[in-house]
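J.: One predicted model, sequence on top.
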Amino acid sequence: MKQLTKKIIGLFLCSVTSTASALDLKEAMALAQQYDTTFQAAYAAYLAASEASSQSTAAILPQIGFNAFIQRGRTENDRSGMVTNSDNNSDGYGLNLNQVIFDKTTFDNLTQGDAIVAKAIADLEVAKQDTIVRVSTAYFDVLTAIDTLETASAEKKAIGKQLEQSKERFNVGLSAITDVKEQQASYDISVADEIIATNDLSNKREALRFIINTYPENLKIADENMPLVIPEPMDIDAWQERS
């Protein structure tokens, strides 16, 4: 009973591990935004433009300066054998406020910086959309290639059984050698199809890995009962204006 329990637990853990390691489309998108060179270049340009704009804005903001000082001193006088002491203490502070009223170069830089930031934001949004398309395409290409390989393997297995049956029928004189040769030719084609499908799957996985920097050994298949999100607003013209 203990051995059976251990086996059940082991199978359960294997199942959980397999499910946990499966990569879904959302995770693939997150990895792409983290590692894809095209998206990272657009994001770096956006950060640089934002920093430059912040510096331009800072140049027209009020500049406040504060300073303070304390001085302590003591003087000793020796006159006619009498020593007198005097303390000289002073302190003070100051507050300076500078404000640019008009500086053409400064304001031109600010306007130019705003334009650069706006372009960087637009470029980043384009990069996001491009990343979504590329990741989605590569992701579903892998899933399609997996289905194609499974189909090719199933066909090879079925044709292999037919070939064995054909050979058995030929051995007992129930079919001609031509039937065996035809089945053998079909089987050879199915083997070639499986090899092609295997190579295609490997290429599709590598294409996705190039984007997300992670080899996609296991991918999550979308649930058939997954609810679809209805776009808001339901107006194609509104979406065209946004784009």
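T.: Thanks, I have the structure now.
J.: Residue 127: neighbour count?
T.: Neighbourhood size, residue 127 [other Cβ atoms under 10 Å]: 20. For the C-beta atoms, the positions are set from N, CA and C on the backbone; glycine is no exception.
J.: Identify the spatial nearest neighbour of it, chain neighbours not counted.
T.: Spatially, and ignoring its direct neighbours in sequence, residue 127 is nearest to residue 42 (3.6 Å; Cβ to Cβ, 6 or more residues apart in numbering).
J.: hmm, who's touching the helix or strand containing residue 26?
T.: For residue 26, the element it lies in under DSSP states H and E is helix 25-35. Contacts with helix 25-35, where a contact means Cβ atoms under 8 Å, 6 or more residues apart in numbering, come from 39, 43, 128, 131-132, 134-136, 139, 208, 211-214, 216, 220, 222.
J.: Over to stretch 133-140?
T.: With contacts defined as Cβ under 8 Å, 6+ apart, stretch 133-140 is touched by 25, 28, 29, 32, 36, 204, 207, 208, 211, 212, 216, 219.
J.: 6 Å instead, please
T.: Stretch 133-140 has contacts (Cβ atoms under 6 Å, 6 or more residues apart in numbering) with 25, 28, 29, 32, 207, 208, 211.
J.: Secondary structure class of the last one, three-state.
T.: The reference is to residue 211. Three-state assignment for residue 211 (DSSP: H, G, I helix; E, B strand; the rest coil): helix.
J.: show me where the chain has helices.
T.: Here the chain has its helices, by DSSP state H, at 2-21, 25-35, 37-60, 104-171, 177-212, 236-242.
J.: if you average pLDDT over the shortest one, what comes out?
T.: It stands for helix 236-242. For helix 236-242, mean pLDDT rounds to 67.
J.: What of the fifth one?
T.: Taken as a whole, helix 177-212 has a mean pLDDT of 93.
J.: which strands and helices sit next to it?
T.: helix 25-35, helix 104-171 (3 or more Cβ pairs under 6 Å, 6 or more residues apart in numbering; DSSP states H and E).
J.: Can you give me every residue that contacts the closest residue to residue 167 other than its chain neighbours?
T.: Nearest residue to residue 167 in three dimensions, chain neighbours excluded: residue 180, at 5.7 Å (Cβ to Cβ, 6+ apart). Going by Cβ under 6 Å, 6+ apart, residue 180 touches 166, 167, 170.
J.: Low-confidence ranges, the chain, go.
T.: The chain contains residues with pLDDT under 70 at 1-20, 52-66, 68-69, 71-113, 222-231, 238-243.
J.: circling back to that earlier point, can you put the helices of the chain in TSV and add distance to residue 70?
T.: As requested, the helices of the chain are exported to TSV (distance: least, Cβ to Cβ, whole Å):
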stretch	distance to residue 70
helix 2-21	65
helix 25-35	53
helix 37-60	31
helix 104-171	37
helix 177-212	62
helix 236-242	62
